[in-house]
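Enquirer: Sharing a model prediction with you, sequence too.
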Amino acid sequence: MRVRNRWVILSVSMVAQIASVASMYGVPYVLPQLRDAYGLSTAQAGMLVGLPAFGLLVTLLAWGVVIDRVGERPTMALSLLLTAGSLALLPLAAGPWTVGGVLFLAGASGGPVNAASGRLILSWFAARERGLAMGIRQSALPLGMGIAAVVLPGAAERWGFVGAMLLPAALAALAAPTVLLLSPPPRRRAEGTGGGREGPTGDEAEPERTGRSARGPSASPYRAWTIWRVHGVSMLLGVPQISLMAYALVYLVQEHGWSAPAAGAVVAAAQVPGAAGRLLLGLFSDRIGDRMRPVRVLASVSTCGLLLLAAAPGAAPWTAVPLLLVCLVLSMSHNGLTFTSVAEIAGTAWAGRALAVQNWLQAVSTTLTPVMMAPVIDGAGLPAVFAACAVFAAAAVAAVPVTSGRS
């Protein structure tokens, strides 16, 4: 029997997203074991962390076309199965090159879940609740990382790097059949004709007449600069987000002498308020009718927090954990708003491709970030990474479009 309740559909989408995130981005939480297992430096192991994002980068635009042509549910299920199958090859990997190849395949397979589930939100939820719904959906990213941060360090100490990474592979394999139980999204009348949705009533969805963003334009949204600026903001804010997620655990272990499980617990603690932040900011954006104005404020506060994190712990070590937690929460709070803005600007006709482009450009940022930060670590240490991240957050403040409302 098909699931037609839009809130249940949102919940299943979150489970799929958590499985995908834990599979592709769980590597930072087992970075010490990865480093020791293959005799790597921290910088070298950090570069392996970026390979799932590189795999996503190579395939994501093609996945966006598949989403718009084939549909969200089959694309998500296929992606989860391929991700699980890729990580299942890890026991066969003999060295860092083959491990890197497996991580690349996992990223190449896992790309469409985020874009496909975002397109489901655009189809099933009205504009007045879409920011909240997308915020809830986007909270799956920090929740997935939080689960990984809690589970994987201890699993890696017991079973090693390979054994730990088989756990998110199993979760992805279990999530795939559940996705196929969802009903297809409500059909809409022809784009731009002024009509609402065909068919769905009651709890499924109600006809929405909120202008261009609800129905979606048939022309490319990329003829205007607004969507490009939203993409740019996401890329810039992705640098501190990925840097903090990749190096927070190592920072606590290497600079402050923490054990890996204890450091993982601290990183995990940031995921809950990070997820709540996406939800609350989405709800706030629904109320004010503007997705990007809160992002500008968030980027400004993040700039200040990162500068403090770079400088303060050297003089007052007790400030390291509070500042790290604050910066982690701030770094992950923007995603729901930028994804919602991209989806609404694009409309349903272009949502799959536009969200794929959004993910693809973020993958560029994710892939390049460890490469950019490796010489910073080697030359000046981990605190300098946080100072460099502050520069990118400051650039995002300037890049935020003046308005990116819901209409």
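Expert: Nice, I can see it. Numbers count the residues shown, from 1 in each chain.

Enquirer: from here on, contacts and neighbour counts on C-alpha atoms
Expert: Will do.

Enquirer: what's the neighbour count on A265?
Expert: Neighbours of A265 under the rule other C-alpha atoms under 10 Å: 18.

Enquirer: That one contacts I147, correct?
Expert: No - contact criterion C-alpha atoms under 8 Å: A265 and I147 do not qualify, at 9.7 Å.

Enquirer: what helix or strand does T98 sit in?
Expert: helix 96-110 (DSSP states H and E).

Enquirer: quick one: average confidence on the helix or strand just after that helix?
Expert: The helix or strand immediately downstream of helix 96-110 is helix 112-124, counting by DSSP H and E. Per-residue pLDDT values across helix 112-124 average out to 82.

Enquirer: which residues sit against the very next helix or strand once past helix 112-124?
Expert: The helix or strand immediately downstream of helix 112-124 is helix 127-138, counting by DSSP H and E. With contact meaning C-alpha atoms under 8 Å, 6 or more residues apart in numbering, helix 127-138 is reached by 10-11, 13-14, 117-118, 121-122, 125, 208, 210, 214, 275, 278-283, 285-287, 291, 335-337, 339-340, 406.

Enquirer: separation between S79 and A173?
Expert: 10 Å (C-alpha to C-alpha, to the nearest Å).

Enquirer: More neighbours: which of the two?
Expert: Using other C-alpha under 10 Å, the more surrounded residue of S79 and A173 is S79, with 26 against 22.

Enquirer: which element is that one on?
Expert: Here S79 is assigned to helix 72-87, by DSSP H and E.

Enquirer: What lies in contact with that helix?
Expert: 16, 19-20, 23, 66-67, 102-103, 105-107, 109-113, 116-117, 119-120, 165-166, 168-173, 175-177, 179-180, 182, 184.

Enquirer: what does the average pLDDT come to for it?
Expert: 91.

Enquirer: Also stretch 44-60?
Expert: Rounded mean pLDDT across stretch 44-60 is 81.

Enquirer: Dump the C-alpha coordinates for that stretch into CSV.
Expert: Output of stretch 44-60 as CSV, limited to C-alpha atoms (Å, rounded to 0.1, in the frame of the first residue of the first chain):
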residue,chain,number,x,y,z
GLN,A,44,46.7,12.9,3.4
ALA,A,45,43.8,11.3,5.3
GLY,A,46,41.9,14.6,5.1
MET,A,47,42.2,14.5,1.3
LEU,A,48,40.6,11.1,1.3
VAL,A,49,37.7,12.6,3.2
GLY,A,50,36.9,14.7,0.1
LEU,A,51,36.7,11.8,-2.3
PRO,A,52,33.0,11.0,-1.7
ALA,A,53,32.3,14.6,-2.6
PHE,A,54,34.4,14.3,-5.7
GLY,A,55,32.4,11.3,-6.8
LEU,A,56,29.2,13.2,-6.2
LEU,A,57,30.7,16.1,-8.2
VAL,A,58,31.3,13.9,-11.3
THR,A,59,27.8,12.3,-11.4
LEU,A,60,25.4,14.7,-9.8
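
Enquirer: can you pull the buried residues of it?
Expert: Across stretch 44-60, burial judged by 16 or more other C-alpha atoms under 10 Å covers 45-60.

Enquirer: Can you tell me which of those residues is closest to I377?
Expert: G46 (10.3 Å; C-alpha to C-alpha).

Enquirer: Okay, the residue positioned nearest the centre of the chain and H334: tell me how far apart.
Expert: Nearest to the geometric centre of the chain sits L141, at 5.1 Å (C-alpha atoms, centre = their mean). To H334, L141 is 12 Å away according to C-alpha to C-alpha.

Enquirer: For stretch 166-177, which outside residues touch it?
Expert: So stretch 166-177 is in contact with 15-16, 19-20, 22-23, 26, 76-78, 80-81, 83-85, 87-88, going by C-alpha under 8 Å, 6+ apart.

Enquirer: buried ones in stretch 94-107?
Expert: 96, 99-107.

Enquirer: And for it, what's in contact with it?
Expert: Counting by C-alpha under 8 Å, 6+ apart, 23-24, 38, 48, 51-56, 82-84, 86-87, 89-90, 93 sit against stretch 94-107.

Enquirer: Filter those residues down to just the ones in helices.
Expert: The helices, defined by DSSP state H, take in 23-24, 48, 51-56, 82-84, 86-87 from the contacts of stretch 94-107.
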